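K.L.:
Output the structure for:
(one chain, ligands or ions: 1)
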Amino acid sequence: MKEKIEAYKKEIADFTAESLEELENFRIKFLSKKGLIPALFADFRNIPKEEKKEMGQQLNELKQMVQARIADLKSELETKEEQKEAIQDLSLPVDWRDLGARHPVSVVKNEINEIFKRSGFTVAEGPEIEDDFHNFSALNFPPEHPARDMQDTFFVEKDPDIALRTHTSSVQVRVMENNQPPIRIIAPGRVFRNEAISARAHCIFHQVEGLYVDKDVSFADMKQTLMYFAKEMFGENTKIRLRPSYFPFTEPSAEMDVSCNICGGKGCNVCKYTGFLEIMGCGMVDPNVLEACGIDSEIYSGFAFGMGVERIAMLKYQVNDLRLYFENDMRFLKQFDKSLD
Ligand code: PHE
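P.N.:
From the prediction side, this is the model:
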């Protein structure tokens, strides 16, 4: 029996199979009911008692060895088989991976950026944590202005000089400090305001603000630039309307409305039957702001504007609850951009 076991062990170790069929034959030869190993177990009854312990062990080892060898060869052959199939059929579809989709706020922000880039604006960026000078003082906010109140601004670590920016006008200040005109930039980015979250307000949102400073820049230049934007964004037939308003950093200041893109200006519940939708603030840069940033207001003038990206997205997509843009529910987000342009 000992010799047989040794001989089988060698045979098993040396065995290789080219096909699953060959492997199956090998399995039958050793392990089937009438195979070599059950035959050895049958002989086991006849061997002398004193050899039983050792032989029993050897037999078990042999059985395990053949089982392990078969399992190894089987997985090897199966992998080979799969690879062969894959190489043979190049038309097989690849594994489908779910494509991501761009966030609707990013889609709209990119669209706004592209429109202004076509008018010669470049993109400028600045920090989200700002000091009082860049967020307020340089923009002509008097020290007691209510927008500096704890209610609107998130201060960082109780330092009244450091806050999360409440608008990206701070980026305009930084650009003017470091460059002389002509300046033509847009400042897209995240801004923060200490507001209770509701369908119409959020403590985080996105803005695109813009600034143009040069010799002889007029209100008419602003109107033309913003009208081009409105038509590109909302359609060729869009009309604009400028209403007087107030911002500390612009004089004169205005709010810009566009004709309602839902009802075409006839009046509906989206525009509250006014025919117009408010989309941004704008105005001529106050000379005090130019001077605070080291630009000679006797030589240069400029205009500035700023809009909320979520507001534009709400109008574009007719989604009127701001909170949906921040919850990151995949079922909501997947609806907007499939192209990943
Ligand atoms: N900074 C203003 C805001 O946050 C928007 C604005 C920018 C208004 C430039 C006029 C000019 O609402």
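K.L.:
Right, and the ligand sits closest to which residue of the stretch 51-200 of the chain?
P.N.:
For the stretch 51-200 of the chain, the residue closest to the ligand is residue 167, as judged by CB to the nearest ligand atom, at 3.3 Å. C-beta coordinates here come from the backbone N, C-alpha and C atoms, glycine included.
K.L.:
Strands of this structure, start to end?
P.N.:
All strands of the chain, identified by DSSP state E, fall at 122-123, 129-131, 155-156, 159-164, 183-192, 204-214, 240-247, 250-259, 276-285, 301-308.
K.L.:
Pull the distance from the last one to the chain's centre.
P.N.:
How far strand 301-308 lies from its chain's middle: 27 Å, per CA atoms, centre = their mean, to the nearest Å.
K.L.:
The residue nearest to residue 334 when sequence neighbours are not counted and residue 332: what is the separation?
P.N.:
Counting by CB to CB, 6 or more residues apart in numbering, residue 101 is the residue found nearest to residue 334 once chain neighbours are left out, at 5.1 Å. The gap separating residue 101 from residue 332 is 10 Å, by CB to CB, to the nearest Å.
K.L.:
the more surrounded of the two?
P.N.:
Shown here are residue 101 and residue 332; by other CB atoms under 10 Å, residue 101 has more neighbours (17 against 14).
K.L.:
my guess is the more buried one contacts residue 333, does it?
P.N.:
Yes: using CB atoms under 8 Å, residue 101 is in contact with residue 333, at 6.0 Å.
K.L.:
Local confidence estimate at the residue nearest to residue 334?
P.N.:
For residue 101, the model assigns a pLDDT of 80.
K.L.:
what bridges to the nearest residue to residue 278 once chain neighbours are set aside?
P.N.:
Nearest in space to residue 278, with sequence neighbours left out and distances taken as CB to CB, 6+ apart, is residue 257 at 5.1 Å. Beta bridges link residue 257 to residue 241, residue 278, judged by DSSP bridges.
K.L.:
For burial, what's the neighbour tally of residue 257?
P.N.:
For residue 257, using other CB under 10 Å, the count is 20.
K.L.:
Now do the same for it: its pLDDT.
P.N.:
So residue 257 comes in at 95 (pLDDT).
K.L.:
so who does it touch?
P.N.:
240-243, 276-279 (CB atoms under 8 Å, 6 or more residues apart in numbering).
K.L.:
what do you get for residue 280?
P.N.:
Here residue 280 is in contact with 226, 255-256, 305-308 (CB under 8 Å, 6+ apart).
K.L.:
So which bits of the top helix by length along the chain are buried?
P.N.:
The helix that spans the most residues within the chain, counting by DSSP state H, is helix 49-88. Buried residues in helix 49-88, counted by 16 or more other CB atoms under 10 Å: 55, 58-59, 62-63, 66, 69-70, 73, 77.
K.L.:
From residue 27, how far out is the residue of the stretch 51-200 of the chain closest to the ligand?
P.N.:
Residue 167 is 76 Å from residue 27, by CB to CB.
K.L.:
When those two are compared, which one has more neighbours?
P.N.:
Neighbours were counted for residue 167 and for residue 27 using other CB under 10 Å; residue 167 has more, 24 against 18.
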